[in-house]
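Peer 1: using only what follows, build the 3D model:
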Amino acid sequence: MTTLLPRLPRRTGAGLLSSARPLRMLEALATPHGIDRYLELVSPLLTVRELRAAVVDVRRSTADSVTLTLRPTRQWRGFQAGQFVSVTVDIDGVRRTRCFSPASSQHRADGLVELTVKAHADGLVSRYLFEHARPGLVVGLSQAGGEFRLPAQRPRRVLLISGGSGITPVLSMLRTLCDEAERGEYDGEVTLLHYARSASDVPYTAELDELAGRDNVRIVRVYTSDDSGELTGRLDESHLAAVAPWFAEGETFVCGPASLHDAVRELYETRGIAERLHVEEFRPSLPGIADPGTATGTVTFARSDVRAANSGATLLEQAEAAGLRPEHGCRMGICFSCTQVRTSGCTRDVRSGETNSDPDTEIQLCVSVPVGDVELAL
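Peer 2: Sure, this is the predicted structure:
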């Protein structure tokens, strides 16, 4: 859902259909499209079920990133620092969804949500937002999710480590703790250690400088392409000892490229303090994939006129094995970029084990396996 519109009140539609019974009756009358499909003809922010957001501010603080400030519709339930949301846009008539982490404090008083998106060369949604986002754009938004977040009982000492665009969730944590410190709710010590290629690749430079002036905050930036930062080189134990000599007794939160995750994890495991490490990574186990010897049926990719025997692997893997190249991203059920329509047959979600055989239903190829014959509109 991508639309441009004039400024509307944040709570547009908040009083609509407060009674569940009239709502169900109207939705029945609106079948098969659903009531929101008609309400969006009046305004894309006038929704009953769907959560959406209007872009109210756009900043491009680096050569390849864009910072969006969003005003969610009334369905928004807020987020906890470190979590992620899914953003949906229409690109050439096709809805595309990707996940991004809010960078704002979870206590932001105006209820707005800030996202910083790094435009990757092969990133369909990230490049679209970088090139086309402007105030008035309306996007689809999910409720926040993810277990990478600050515990309810805030640690006395917090080390935040980030690399590249991984700064956004840890910045949200830092901003949240600073807000709580201002309200007298937190008096702990926080250190942010951020790795980037150069100073020009770091978003939020002004905000980081302002936060670094607080009594309980230390911010250290390391540039891997030069020695202009406070430290040089890539992460090792000497970096942690220099910026947070207490790291073995504190709690560490890491977000960044896999190489950064691996380096920190190896260090903490060697020190025997792995329980103090919290890493944002989407690597859920996929226990529901069938034994190839028990798989039955045929998978039909109708639009491509391709058929293949069910191997028991995920539909994404089976499509690739058949020579197709469907769009995909995380391969773990997070980003929704591999969503396709299953026109008939039954599939099982490998995460939950649940099966579904409703016709003409959108499924995620990377976490769905066929149960018998399945046809996809692919």
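Peer 1: where is the longest helix in the protein?
Peer 2: helix 167-182 (DSSP state H).
Peer 1: in PDB, list the C-alpha atoms belonging to that helix.
Peer 2: The C-alpha coordinates for helix 167-182 follow below in PDB (Å, rounded to 0.1, in the frame of the first residue of the first chain):
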ATOM      1  CA  ILE A 167      23.100   0.900  14.500                       C
ATOM      2  CA  THR A 168      19.300   1.500  14.300                       C
ATOM      3  CA  PRO A 169      18.100  -1.000  17.000                       C
ATOM      4  CA  VAL A 170      20.900  -0.300  19.400                       C
ATOM      5  CA  LEU A 171      20.400   3.500  18.900                       C
ATOM      6  CA  SER A 172      16.800   2.900  19.900                       C
ATOM      7  CA  MET A 173      18.000   1.200  23.000                       C
ATOM      8  CA  LEU A 174      20.400   4.000  23.800                       C
ATOM      9  CA  ARG A 175      17.700   6.700  23.200                       C
ATOM     10  CA  THR A 176      15.300   4.700  25.400                       C
ATOM     11  CA  LEU A 177      17.700   4.400  28.300                       C
ATOM     12  CA  CYS A 178      18.600   8.100  28.000                       C
ATOM     13  CA  ASP A 179      14.900   9.000  28.200                       C
ATOM     14  CA  GLU A 180      14.500   6.900  31.200                       C
ATOM     15  CA  ALA A 181      17.500   8.500  32.800                       C
ATOM     16  CA  GLU A 182      16.000  11.900  32.200                       C
END
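Peer 1: what comes up buried for it?
Peer 2: Across helix 167-182, burial judged by 16 or more other Cβ atoms under 10 Å covers 167-181. From N, CA and C alone the C-beta is placed, and that goes for glycine too.
Peer 1: other SSEs contacting that helix?
Peer 2: Here helix 167-182 touches strand 113-118, strand 157-163, strand 189-196, helix 205-212, strand 251-255, going by 3 or more Cβ pairs under 8 Å, 6 or more residues apart in numbering; DSSP states H and E.
Peer 1: quick one: closest of those to Gln340.
Peer 2: Counting by Cβ to Cβ, Gln340 lies closest to strand 113-118 out of those; the figure is 24.3 Å.
Peer 1: run a quick neighbour tally on Val306.
Peer 2: For Val306, the neighbour count with other Cβ atoms under 10 Å is 15.
Peer 1: check Ala196 too.
Peer 2: 22.
Peer 1: next one: Ser304
Peer 2: Around Ser304 there are 15 residues (other Cβ under 10 Å).
Peer 1: ok, it to Thr314 distance?
Peer 2: Using Cβ to Cβ, to the nearest Å, Ser304 is found at 17 Å from Thr314.
Peer 1: angle of the longest helix of the chain against helix 205-212?
Peer 2: 40 degrees (axes from the mean of the first three to the mean of the last three Cα atoms, to 10 degrees).
Peer 1: how far out from the middle of the chain is helix 167-182?
Peer 2: 18 Å (Cα atoms, centre = their mean, to the nearest Å).
Peer 1: next, the contact list for Leu365, please.
Peer 2: 314-316, 319, 326, 328, 338-340, 376 (Cβ atoms under 8 Å, 6 or more residues apart in numbering).
Peer 1: got a quick ChimeraX command for the buried subset of these?
Peer 2: Buried members of these can be picked out in ChimeraX with the line below, counting by 16+ other Cβ under 10 Å:
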select :314,315,316,319,326,328,338,339,340,376
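Peer 1: helices - which of the contacts of Leu365 land there?
Peer 2: Per DSSP H, the contacts of Leu365 map to helices at 315-316, 319.
Peer 1: secondary structure element holding the nearest residue to Ser142 once chain neighbours are set aside?
Peer 2: Excluding the flanking residues, the one nearest Ser142 by Cβ to Cβ, 6 or more residues apart in numbering is Ser86, at 3.9 Å. Element membership for Ser86 (DSSP states H and E) is strand 85-91.
Peer 1: and that strand, which residues are buried?
Peer 2: 85-89.
Peer 1: same check, this time on stretch 258-274
Peer 2: Quick answer for stretch 258-274 (16+ other Cβ under 10 Å): 260-261, 263-264, 267-268.
Peer 1: neighbouring contacts of it?
Peer 2: So stretch 258-274 is contacted by 161, 163, 166, 195, 234-237, 240, 248, 252, 254, 276-277, 279, 281 (Cβ under 8 Å, 6+ apart).
Peer 1: swap in 10 Å and give it another go.
Peer 2: 159, 161-164, 166, 193, 195, 234-237, 239-240, 247-250, 252, 254-257, 275-277, 279-281, 283 (Cβ atoms under 10 Å, 6 or more residues apart in numbering).
Peer 1: can you select the buried ones from the residues you listed in ChimeraX?
Peer 2: Buried residues among these (16+ other Cβ under 10 Å), as a ChimeraX selection:
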select :159,161,162,163,164,166,193,195,235,239,240,247,250,252,254,255,256,276,277,279,280
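Peer 1: give me the neighbour count for Ser105.
Peer 2: 19.
Peer 1: skip the chain neighbours and tell me the closest residue to it.
Peer 2: Closest to Ser105 by Cβ to Cβ, 6+ apart is Arg175, at 3.8 Å.
Peer 1: likewise Ala121?
Peer 2: Arg127 (7.8 Å).
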